[in-house]
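Trainee: the following block contains a protein sequence and its predicted model.
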Amino acid sequence: MMPGDKNKPLPKPETQSQARSFRRRLRWVTAIVLLLIAASGVYTLWRSVGPRVIGLPQFIVAAEDVHITPPPKWIRTDVRAEVVREINLAGPISILDEELGERFYEAFAAHPWVAKVSRVIKRPPAAVDVELVYRRPVLMVQVTDGLLPVDADGVQLLTADFSPLEAMRYPRLVDVGRETPPPAGTRWSDARVVAAASLAAALIDAWQELGLHHLALARQPPPSAAGPFQFELFTKEGTCVLWGAAPNSDGEGQAATADKLSRLRKYHADHNSLEGSRGPQTIDLRVPHGVPTSPRTAERPPPRDA
């Protein structure tokens, strides 16, 4: 210590702490600035070489590298091939494309057989997994030119996937007139078809078991009937089941539908048929209990087999 310095005051502790804190902040700011400069350089470089890198063959997703949820047996269309072909119309698919997920999501969601796209997963170096929920046909709408498949929500499906024999195994809605069907993948605007599809979805697993053939709007629904539409079910021999209202899209009426189906199944099991001992009969399920029956004569001919 130099002469005269012995009386010089020492730095205060808080001053030393502030100095250390300032140096730390300065180092952080310097590091951030350097990172920003580096990022800017990388971005500039990527803008220059990125398009060439994205287009390299090792990053191009081929059709066979797209893996989708296996379609159910009723779908004959090659969903994957059709969608990938549609995507490729905008150019080759690169796994490095930031919009790849959105492109796949929108393209698969637009396919008539796809009800929902759950996930799109990119897998290096050049593969894509797509998890799908498919539509299930539950109803055929009989029109002049044949039978049109519809799912439980009333969405029109692809007719080409069904042979005439396969189409006849489904519940069939008759007497809809000359309604124009919507494009495949869109919902029918005819509320009768939508209601019938909701009912058919509840009946489809028991349809052939019960020997049912077609359904139609009730000709004379009871005045106290609840719901906009009342339906009747028919066997090929002419027995008519007075069903009543279909469950709506919000689930209302599901309990009543389950109860009616349970009673009808029990009647079929007890009698091994829905026909009466002397031929066609009327079965009334609109009552809250039991299965009242009465003889009937065919009031309308069965529909032709399209």
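Mentor: Right, received. Where do you want to start? Not measured: the values here are computed from a predicted model. Residues are numbered from 1 along each chain as shown.
Trainee: contacts for the strand or helix carrying Glu106 next, please.
Mentor: Element membership for Glu106, per DSSP states H and E: helix 100-109. Under the contact criterion CB atoms under 8 Å, 6 or more residues apart in numbering, helix 100-109 has outside partners 61, 66, 68, 79, 83, 86-87, 90, 93-94, 97, 114, 116-117, 120, 122, 128, 130, 132. C-betas here are computed from N, CA, C, even on glycine.
Trainee: repeat that with 10 Å
Mentor: Contacting residues not belonging to helix 100-109 are listed as 61, 66, 68, 79-80, 82-90, 93-94, 97, 99, 114-122, 128-132, 185 [CB atoms under 10 Å, 6 or more residues apart in numbering].
Trainee: list only buried entries from the residues you listed.
Mentor: 61, 66, 68, 79-80, 83-84, 87, 93-94, 97, 114-115, 117, 120, 128, 130, 132, 185 (16 or more other CB atoms under 10 Å).
Trainee: report how many residues lie close to the closest residue to Val84 other than its chain neighbours.
Mentor: Among residues not flanking Val84 along the chain, Ala63 sits closest, at 4.6 Å (CB to CB, 6 or more residues apart in numbering). Neighbour count for Ala63, taken as other CB atoms under 10 Å: 14.
Trainee: how about Pro295?
Mentor: So Pro295, with other CB under 10 Å, has 11 neighbours.
Trainee: rewinding a little: residue contacts, the residue nearest to Val84?
Mentor: Shown in contact with Ala63 (CB under 10 Å, 6+ apart): Asp78, Arg80, Ala81, Val83, Val84, Arg85, Ile87, Asn88, Ile93.
Trainee: cutoff 8 Å now
Mentor: Arg80, Ala81, Val84, Arg85.
Trainee: for the first one, phi and psi?
Mentor: When read as degrees, to the nearest 10, the backbone of Arg80 gives phi -60, psi -50.
Trainee: which residue ranges of the protein form strands?
Mentor: Ranges of strands within the chain are 66-68, 114-123, 127-134, 137-143, 146-151, 172-173, 212-217, 230-235, 240-245, 281-284, 293-295, based on DSSP state E.
Trainee: export those strands as CSV, with columns for distance to Ala197.
Mentor: Formatted as CSV, the strands of the chain follow (distance: least, CB to CB, whole Å):
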stretch, distance to Ala197
strand 66-68, 25
strand 114-123, 13
strand 127-134, 16
strand 137-143, 5
strand 146-151, 5
strand 172-173, 8
strand 212-217, 11
strand 230-235, 11
strand 240-245, 14
strand 281-284, 22
strand 293-295, 28
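Trainee: deepest-packed of those strands, please.
Mentor: Among the strands of the chain, strand 172-173 has the highest mean neighbour count (mean count of other CB atoms under 10 Å), at a mean of 26.
Trainee: that one packs against which elements?
Mentor: When contacts are defined as 3 or more CB pairs under 8 Å, 6 or more residues apart in numbering; DSSP states H and E, strand 172-173 packs onto strand 137-143, helix 191-207, strand 212-217.
Trainee: next, format the ones you listed as TSV and append mean pLDDT.
Mentor: TSV is the format used below for those (pLDDT from 0 to 100):
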stretch	mean pLDDT
strand 137-143	95
helix 191-207	95
strand 212-217	95
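Trainee: out of these, which gets nearest to Pro171?
Mentor: helix 191-207 (4.1 Å; CB to CB).
Trainee: please identify the buried residues of that closest one?
Mentor: For helix 191-207, a neighbour-count test (16+ other CB under 10 Å) marks 192-204, 207 as buried.
Trainee: for the residue nearest the centre of the chain, give me the pLDDT.
Mentor: The chain has Ala115 as the residue nearest its centroid, 1.6 Å off, counting by CA atoms, centre = their mean. Among the per-residue scores, Ala115 holds a pLDDT of 97.
Trainee: report the distance from stretch 105-124 to the chain centre.
Mentor: Its chain's C-alpha centre and that of stretch 105-124 lie 10 Å apart, by CA atoms, centre = their mean, to the nearest Å.
Trainee: give me the nearest residue to Pro182, chain neighbours excluded.
Mentor: Gln156 (5.1 Å).
Trainee: what's the burial count for the one you found?
Mentor: Counted with other CB under 10 Å, residues neighbouring Gln156 total 21.
Trainee: OK, contacts around it?
Mentor: Gln156 makes contact with Pro112, Leu148, Pro149, Val150, Pro181, Pro182, Pro183, Ala184, Gly185, Thr186, Arg187, Trp188, according to CB under 8 Å, 6+ apart.
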